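**Q** how would this look folded up:
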Amino acid sequence: MTEEQQRDPHRGPGGQEGQQEPSGIHQESSSVPPAGTTDDESTPSVEDLLRQAELKAQEHHDDWLRAKAEADNIRKRAQVDIANAHKYATENFASDLLPVRDSLEATLAAENATLDALKSGVELTLKQLSAVFDKANLKEVNPAGEKFDPHRHQAISMLPSDQNPNTVINVLQKGYLLHDRVIRPALVTVAKAKDA
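**A** Alright, predicted model coming up:
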């Protein structure tokens, strides 16, 4: 080592400054990455982001397919339930009518029955049938003496009468209502003024 180098330790051979840094400046190359580079641990690469997005998209697509299949199954079950409701809507009514039929058959099967016995059997059957109609909210429309109502009655003819015009004077066939809906209008004869 030359005398000059001993006096100035930062000078390299030939009087030039060496590679060592001055004592006041300290550079940490490990903590600050050079510009243009990324830290792989903190930010994922574009390929990783794309892969994650594709996985999420596939997951959402699978969820959508499952929801669609479930909605289709619910719709099909509802169609079957509606079809069964229409098909078996009269099941209770039919069950209530069976004893009425049994009574009619028993009356007809009786041999050597007197007229009074037949009549009482038919009356009993009619009572059973009326009870079934009441249970099913099937009501009779017998409008004799009432004002003609075109929504519930069907006029067959008009006859001159002492009663007020448009009054039902004769019921040829009773009508029936199911709840409040007319399922058969009453066939009637209606009064008209005598001078008309």
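**Q** Helix or strand next in line after the helix or strand hosting R77, which one?
**A** For R77, the enclosing helix or strand under DSSP states H and E is helix 46-87. The helix or strand immediately downstream of helix 46-87 is helix 91-109, counting by DSSP H and E.
**Q** Give me the angle between the very next helix or strand once past that following helix and helix 91-109.
**A** Per DSSP H and E, the first helix or strand lying C-terminal to helix 91-109 is helix 115-135. Angle of helix 115-135 versus helix 91-109, following axes from the mean of the first three to the mean of the last three Cα atoms, to 10 degrees, is 180 degrees.
**Q** Output the contacting helices and strands for the helix or strand following helix 115-135.
**A** The helix or strand immediately downstream of helix 115-135 is strand 138-141, counting by DSSP H and E. When contacts are defined as 3 or more Cβ pairs under 8 Å, 6 or more residues apart in numbering; DSSP states H and E, strand 138-141 sits against strand 175-178. For glycine as for every other residue, the C-beta is placed from the backbone atoms N, C-alpha and C.
**Q** ok now the strand it packs on, how far from the chain's centre?
**A** In terms of Cα atoms, centre = their mean, to the nearest Å, the centre of strand 175-178 is set 31 Å apart from its chain centre.
**Q** May I have the distance across stretch 166-179, first residue to last?
**A** Using Cα to Cα, to the nearest Å, the end-to-end distance of stretch 166-179 comes to 26 Å.
**Q** just stretch 160-180 next, same as before
**A** Stretch 160-180 end-to-end distance (Cα to Cα) = 31 Å.
**Q** what separates the residue nearest the centre of the chain from L118, distance-wise?
**A** Centroid check for the chain by Cα atoms, centre = their mean gives A78 as the closest residue, at 7.0 Å. Note on A78: its distance to L118, by Cβ to Cβ, to the nearest Å, is 51 Å.
**Q** ok, now K139?
**A** Distance from K139 to L118, by Cβ to Cβ: 28 Å.
**Q** same thing with D72?
**A** For D72 relative to L118 (Cβ to Cβ), the value is 60 Å.
**Q** okay, the two: which has more neighbours?
**A** The residue with more neighbours, out of D72 and L118, is L118; 13 against 10, by other Cβ atoms under 10 Å.
**Q** you'd agree the more buried one is up against T107?
**A** Yes - using Cβ atoms under 8 Å, L118 is in contact with T107, at 6.3 Å.
**Q** in the chain, which helix or strand is least confident?
**A** Taking mean pLDDT, DSSP states H and E as the measure, the chain has helix 3-7 as its least confident helix or strand, at a mean of 55.
**Q** Just give the number of residues close to P99.
**A** So P99, with other Cβ under 10 Å, has 14 neighbours.
**Q** show me the contacts for the closest residue to it other than its chain neighbours.
**A** Once flanking residues are discounted, P99 sits nearest to Q128: 5.9 Å by Cβ to Cβ, 6 or more residues apart in numbering. By Cβ atoms under 8 Å, 6 or more residues apart in numbering, the contact set of Q128 is P99, V100, S103.
**Q** could the residues you listed be laid out in a markdown table, adding pLDDT and distance to L178?
**A** Formatted as a markdown table, the contacts of Q128 follow (pLDDT from 0 to 100; distance: Cβ to Cβ, whole Å):
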| residue | pLDDT | distance to L178 |
| --- | --- | --- |
| P99 | 93 | 21 |
| V100 | 94 | 18 |
| S103 | 90 | 23 |
